[in-house]
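Asks: output the structure for:
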Amino acid sequence: MTAGHRLRHITLATDLTARSDRATERAIQLAAQFQAKLLVVHAVEAAVSAIWDGGPSWRRALDLAEMARRRLFGDLPLSQSVDIDVVVERGDPFEVVLRTCTDAGSDLLVTGVAREEIYGSSRAGRMVEQLASRAPAPLLVVKRKAARPYRNLLIAIDLSPTSAAALHRARQWWPGVEQTLFHAVDLSYASLIGDLENTRRSVEDGAARTCWEWASAELGEEEAKAVAVIAAYGEPSSLIGQFVWEKPVDLVVTGTERKGILSRALLGSVAAAVVEKAPADVLIVPTESG
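Replies: The predicted structure follows:
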């Protein structure tokens, strides 16, 4: 693991309700595991701020940051062993989280899902898409309880520099856990093939060999032996979702290429589909387009 990619600082975006508990628990677990500093950021939206300001005098006298700190340390005993700081600001959640993460120089941004909405905000259903497009660090979207450290990773690849960045980040942060490279092969001309089953097996076998050669070139042959390779025929996001449902995957790692504002099609092809449907956390590793 290179010093430049060590996980030293984590920013957690939370609404300080039970809906964010899983993301909070995972962020604390990771901070303890990597001995990283944890910065918890909470944005008070205009409607909530108005209610707070118009409340009883005993509540108006409370400092919002101190209230957040009490909640964290009171509910999560593990946090006593982690270096935690809390930032509470009034404003748009996306802007507050993005600015705080950037100013802190965080290596990882953690958020969660609430019901079918990202971050738990009444109007922030596109929070993951927004943060993935502009956050200065990889984005971890937490869906599962942090019962244990990550043990099984699925790394979605398409043999591009973008997926190479995701692979290297996974190897740097979790070198000792089980990792599987997953490559989906979509045959646009499948309807024209007579013996589709035999063609499918042949294509998958060839794609698996190509993936192994690609991984060996990226990691070196010896390190590449530590990862499993799966190549499957079909639409990428659907296959990934099915695999995660059927296998003991803790974390899906995928890369995204930034081209100004990230398009829905780009994020939706893999990451958003897994975030919405699969019972696993998702790490979105961004790369800048050339």
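Asks: what about Ser81, neighbour count?
Replies: 11 (other Cβ atoms under 10 Å). Bear in mind the C-beta positions are built from the backbone N, C-alpha and C, glycine included.
Asks: who's in contact with it?
Replies: The neighbours of Ser81, taking Cβ atoms under 8 Å, 6 or more residues apart in numbering as the test, are Ala32.
Asks: how far away is it from Asp107?
Replies: To Asp107, Ser81 is 19 Å away according to Cβ to Cβ, to the nearest Å.
Asks: again with Ala278
Replies: 24 Å.
Asks: kindly report the same for Lys225.
Replies: From Lys225 across to Asp107, the span is 28 Å (Cβ to Cβ).
Asks: likewise Thr24?
Replies: Taken as Cβ to Cβ, the span from Thr24 to Asp107 is 18 Å.
Asks: ditto for Pro136
Replies: For Pro136, the distance to Asp107 (Cβ to Cβ) stands at 9 Å.
Asks: comparing these two, which shows the higher neighbour count?
Replies: Asp107 (22 against 15).
Asks: tell me which residues touch the more buried one, please.
Replies: With Cβ under 8 Å, 6+ apart, Asp107 has these contacts: His5, Arg6, Leu7, Arg8, His9, Ile10, Ala36, Ala137, Pro138.
Asks: for the stretch 151-290 of the chain, which segments count as helices?
Replies: 161-173, 196-219, 221-224, 236-246, 264-268, 271-277 (DSSP state H, counting those that start in this stretch).
Asks: can you add distance to Val86, mean neighbour count and mean pLDDT and give these back as JSON lines?
Replies: Shown next, in JSON lines, are the helices of the stretch 151-290 of the chain (distance: least, Cβ to Cβ, whole Å; neighbours: other Cβ atoms under 10 Å; pLDDT from 0 to 100):
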{"stretch": "helix 161-173", "distance to Val86": "24", "mean neighbour count": "21", "mean pLDDT": "94"}
{"stretch": "helix 196-219", "distance to Val86": "39", "mean neighbour count": "15", "mean pLDDT": "86"}
{"stretch": "helix 221-224", "distance to Val86": "39", "mean neighbour count": "13", "mean pLDDT": "93"}
{"stretch": "helix 236-246", "distance to Val86": "33", "mean neighbour count": "18", "mean pLDDT": "86"}
{"stretch": "helix 264-268", "distance to Val86": "29", "mean neighbour count": "14", "mean pLDDT": "42"}
{"stretch": "helix 271-277", "distance to Val86": "26", "mean neighbour count": "22", "mean pLDDT": "68"}
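Asks: turn the ones you listed into CSV, columns for distance to Glu89.
Replies: What follows is those, written out as CSV (distance: least, Cβ to Cβ, whole Å):
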stretch, distance to Glu89
helix 161-173, 29
helix 196-219, 40
helix 221-224, 43
helix 236-246, 35
helix 264-268, 26
helix 271-277, 26
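Asks: Asp85 is nearest to which of these?
Replies: Distance to Asp85, taken as Cβ to Cβ, is lowest for helix 161-173 among the helices of the stretch 151-290 of the chain, at 21.8 Å.
Asks: packing partners for that closest one?
Replies: Other elements packing on helix 161-173 under the criterion 3 or more Cβ pairs under 8 Å, 6 or more residues apart in numbering; DSSP states H and E are strand 152-157, strand 178-185, helix 196-219, strand 251-258, strand 281-288.
Asks: so for Thr102, which of those sits nearest?
Replies: Ranking the helices and strands packed on helix 161-173 by proximity to Thr102 (Cβ to Cβ) places strand 281-288 first, at 13.1 Å.
Asks: just checking, what packs against that closest one?
Replies: helix 127-134, strand 139-142, helix 161-173, strand 251-258, helix 271-277.
Asks: distance to Asp92 added to those, as TSV?
Replies: As requested, the helices and strands packed on strand 281-288 are exported to TSV (distance: least, Cβ to Cβ, whole Å):
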stretch	distance to Asp92
helix 127-134	10
strand 139-142	17
helix 161-173	28
strand 251-258	21
helix 271-277	21
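Asks: for Gly234, find the nearest of the ones you listed.
Replies: Among the helices and strands packed on strand 281-288, helix 271-277 sits nearest to Gly234 (Cβ to Cβ), with 12.7 Å.
Asks: nearest to Ser238, out of the helices and strands packed on strand 281-288?
Replies: Of all these, helix 271-277 comes closest under Cβ to Cβ, at 7.4 Å.
Asks: average pLDDT across stretch 70-86?
Replies: The average pLDDT within stretch 70-86 is 72.
Asks: many thanks, I have nothing further to ask.
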